[in-house]
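1. Next comes the sequence, and after it the predicted model I'd like to discuss.
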Amino acid sequence: MAPHLKRVRTAYAARRDVMAEALAPGRALGLAFRPPDGGIYQWCRVPSGVDRPRLLASAAERGVAFFPGGSCFVGEPSGEFIRLNFSYPSIGHIRDGIPRLLDELAEATPAAIPPAAAVQPAEAPAPPNGTWPARNTC
């Protein structure tokens, strides 16, 4: 079992890192995220003026799927989050899909939202309950 776990952990870490690198340009659109220490999901906070249903539909039309994060909160849901899975798609699919998602985010983001390019992963704003839903969530 140990060799299998090592292979899986190595593969997930590589995919997580590629996803974080691909998402980085999204900070200029107000996207906030930090790569998780564990798990198989990358949580992202989208800017508060984004038309999320439009983003979900337009991303799907371009072959990119994400899960609306509000469905994973045990308390009051926050619609500001999206959850991306990095365990299933290949590195190539991640490199291809994330730019398409960011294109759709740019289309769904009101022009009045200031860029957040200077926000570093550790400084990304926390959700309303004060913690990122990055580890023990659905």
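-> Nice, thanks for sending it over.
2. drop to CA atoms for contacts and neighbour counts, all remaining ones
-> Will do.
3. after the helix or strand of the chain with the lowest mean pLDDT, next one along is what?
-> Lowest by mean pLDDT, DSSP states H and E among the helices and strands of the chain is strand 67-68, with a mean of 90. Scanning forward in sequence from strand 67-68 by DSSP states H and E, the next helix or strand is strand 81-85.
4. just to revisit the earlier point, now what about the least confident helix or strand of the chain, what contacts it?
-> Strand 67-68 has contacts (Cα atoms under 8 Å, 6 or more residues apart in numbering) with Leu56, Gly79, Phe81, Ile82, Arg83, Leu84.
5. Identify the farthest-apart pair in those residues.
-> Pairwise distances across the contacts of strand 67-68 (Cα to Cα) peak at 14.4 Å, for the pair Gly79 and Leu84.
6. Between the two, point out the one with more neighbours.
-> Legend: neighbour count by other Cα atoms under 10 Å for Gly79 and Leu84, higher for Leu84 (19 against 15).
7. got the CA positions of the host helix or strand of His4 in CSV?
-> Taking DSSP H and E as the criterion, His4 maps to helix 2-23. Output of helix 2-23 as CSV, limited to C-alpha atoms (Å, rounded to 0.1, in the frame of the first residue of the first chain):
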residue,chain,number,x,y,z
ALA,A,2,2.8,2.4,0.8
PRO,A,3,4.2,2.5,-2.8
HIS,A,4,0.7,3.2,-4.1
LEU,A,5,0.2,6.0,-1.7
LYS,A,6,3.5,7.5,-2.6
ARG,A,7,2.6,7.5,-6.3
VAL,A,8,-0.9,9.0,-5.7
ARG,A,9,0.5,11.7,-3.4
THR,A,10,3.2,12.6,-5.9
ALA,A,11,0.7,12.8,-8.7
TYR,A,12,-1.8,14.9,-6.7
ALA,A,13,0.9,17.3,-5.6
ALA,A,14,2.0,17.8,-9.2
ARG,A,15,-1.5,18.4,-10.3
ARG,A,16,-2.2,20.8,-7.4
ASP,A,17,0.9,22.8,-8.2
VAL,A,18,0.1,23.0,-11.9
MET,A,19,-3.4,24.2,-11.1
ALA,A,20,-2.1,26.8,-8.7
GLU,A,21,0.3,28.1,-11.4
ALA,A,22,-2.5,28.2,-14.0
LEU,A,23,-4.8,30.0,-11.6
